[in-house]
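*Asks:* Structure for the following, please:
(chains A and B)
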There are 2 protein chains.
Amino acid sequence: MKVSLNQKILSRNDQFAQKNRAFFAENGILCLNVISSPGSGKTTLLARTIRRLHDRLQMAVIEGDIRTDHDAQRIRETGAEAVQIETQGACHLSAEQVASALKAMNATSKDVIFIENVGNLVCPSAFDLGESGRVVLLSVPEGDDKPAKYPGTFAGADVVIINKIDLVDYIPFRLERVQADIQAVNPDASILQVSAETGQGFDAWCDWLVGQHAKPS
Amino acid sequence: MKVSLNQKILSRNDQFAQKNRAFFAENGILCLNVISSPGSGKTTLLARTIRRLHDRLQMAVIEGDIRTDHDAQRIRETGAEAVQIETQGACHLSAEQVASALKAMNATSKDVIFIENVGNLVCPSAFDLGESGRVVLLSVPEGDDKPAKYPGTFAGADVVIINKIDLVDYIPFRLERVQADIQAVNPDASILQVSAETGQGFDAWCDWLVGQHAKPS
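*Replies:* Predicted coordinates:
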């Protein structure tokens, strides 16, 4: 009984995910689902990325939070369009919420749409939003044991961004361990070291992003 | 349909929670459900607390993780008993899992049992485990916007521990904002500033803990 209802919910989500995926493909939009713990630096990463690439790519952000629209405000300060979804308690975004947000924005004019999911390293990874790819962030202060503890989330990433790398000299964090644990569950993931605060590592991250957008979908 | 099934699941959880609560009351055990994002320092806090108070209180830990038993190993290094629950994907502990863990340990000899929930600032707060109280951790690198973004979790805390306070001079973090946002949803919560890494603030935290144990249940 539990299983069949779960399947029903997933299947409604998957229907919307399929529609979203078709919309992105028809309009040549790269859509990236950005997943991490609370406070890993998703919004700071996206704001700096938009400022850095705004001459090359039209970007927008769908923001997911349980409450507040602070993150959408931070994105709008860069000049980019942002739509806030307040989930009112729900621990992840659904494909249906993303479909509504796409209607609320000028989506067809965009090259890249980021979906900043609710800060949660577990639940968002179980819900397909129709995205083209997944970006998983892990910040240095969270500790180097996280890929081993949350393998499902890291297994679904196209790229893992190790953020707050400027703090690596001040906090015990074994990069080799993190890389090995990610590769054990996801040998194809790119692993990038960045600081969204200082800009360190942004050349490689922006190259990755531009390359993903240029790929035929 | 969705609602009624949710109620059924909660009610099964609540049945086990009631049994756990009765068990703790009968045996004079203070049981604290410890909730935070991944990497806020729950295990480090508990390990230092056990080392510091082992002469005064018999303590044990029930560890919840999606995968790995690293945290239980870290607790056992302090000499305390620890039982690891691997949730295999689930984003929170259930009262039934806690009941099983209590059977697997020498529970009746303990003064304090900590339940270190799965690292997740959302889902664990919706599930009563039968605990006597809740400890919510927020670490400075996660940012000062978290109580506003996750009000439900902070509203349920008996004590909020602001951890990694030794980093507050290096990272933008407005303590007044955090305190105001917690008080707005939870005027009765104690708010403590600690560093589980350095021991800063542990006098007040240990006093709080000893005081909670001494209270008639």
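
*Asks:* Packing partners of the host helix or strand of A:Ala184?
*Replies:* Using DSSP states H and E, A:Ala184 maps to helix A:175-185. Packing partners of helix A:175-185 (3 or more C-beta pairs under 8 Å, 6 or more residues apart in numbering or on different chains; DSSP states H and E): helix A:146-149, helix A:151-155, strand A:159-163, strand A:190-193. Quick note: C-beta positions are derived from backbone N, CA and C, even for glycine.

*Asks:* Identify the residues contacting it?
*Replies:* A:138, A:144-148, A:151, A:154-155, A:157, A:160, A:162, A:168, A:189, A:191, A:193 (C-beta atoms under 8 Å, 6 or more residues apart in numbering or on different chains).

*Asks:* Quick one: buried ones out of those residues?
*Replies:* A:138, A:144-148, A:151, A:154, A:157, A:160, A:162, A:168, A:189, A:191, A:193 (16 or more other C-beta atoms under 10 Å in any protein chain shown).

*Asks:* Where is pLDDT lowest across these?
*Replies:* Sorting these by pLDDT puts A:Val168 at the bottom of the list (94).

*Asks:* quick revisit: run the angle between the helix holding A:Ala184 and strand A:159-163 for me.
*Replies:* Using axes from the mean of the first three to the mean of the last three C-alpha atoms, to 10 degrees, one finds that helix A:175-185 and strand A:159-163 are set 160 degrees apart in direction.

*Asks:* do you know how far A:Glu66 is from A:Ile75?
*Replies:* Wrong residue type there; residue A:66 is Ile, not Glu. 17 Å (C-beta to C-beta, to the nearest Å).

*Asks:* mind checking the SS state of the residue positioned nearest the centre of chain A?
*Replies:* Centroid check for chain A by C-alpha atoms, centre = their mean gives A:Val34 as the closest residue, at 0.6 Å. Three-state assignment for A:Val34 (DSSP: H, G, I helix; E, B strand; the rest coil): strand.

*Asks:* So it sits against A:Glu131, correct?
*Replies:* No - here A:Val34 does not reach A:Glu131: they are 9.2 Å apart, not a contact under C-beta atoms under 8 Å.

*Asks:* where do the contact lists of those two overlap?
*Replies:* Shared contacts of A:Val34 and A:Glu131, defined by C-beta under 8 Å, 6+ apart, are found at A:Ile115.

*Asks:* circling back to that earlier point, of all the buried ones among the contacts of helix A:175-185, which two lie farthest apart?
*Replies:* Farthest pair in the buried ones among the contacts of helix A:175-185 (C-beta to C-beta) is A:Pro151 and A:Val168. Separation: 22.5 Å.

*Asks:* and chain A, which residues reach chain B?
*Replies:* Residues of chain A lying close to chain B (C-beta under 8 Å from any C-beta of the partner chain) are A:1-2, A:5, A:9, A:37-39, A:65-68, A:70, A:89, A:91, A:118-123, A:139, A:141-143, A:145-146, A:148-152, A:164, A:167, A:170.

*Asks:* what residue ranges in chain A are flagged as low confidence?
*Replies:* A:1-10, A:216-217 (pLDDT under 70).

*Asks:* Strands of that one, start to end?
*Replies:* A:30-35, A:59-65, A:81-86, A:112-116, A:133-139, A:159-163, A:190-193 (DSSP state E).

*Asks:* The residue nearest to A:Gln73 when sequence neighbours are not counted pairs with what?
*Replies:* Of all residues beyond its chain neighbours, the one nearest A:Gln73 is A:Ala82 (7.9 Å), with distances taken as C-beta to C-beta, 6 or more residues apart in numbering or on different chains. A:Ala82 has these beta-bridge partners by DSSP bridges: A:Val61.

*Asks:* isn't A:Ala82 right up against A:Glu63?
*Replies:* Yes - contact between A:Ala82 and A:Glu63 holds when scored by C-beta under 8 Å: they sit 5.8 Å apart.

*Asks:* Mind listing the shared neighbours of the two?
*Replies:* In contact with both A:Ala82 and A:Glu63: A:71-72, A:75, using C-beta under 8 Å, 6+ apart.

*Asks:* What's the end-to-end length of stretch A:158-177?
*Replies:* 19 Å (C-alpha to C-alpha, to the nearest Å).

*Asks:* Please apply the same query to stretch A:117-130.
*Replies:* End to end - C-alpha to C-alpha - stretch A:117-130 spans 13 Å.
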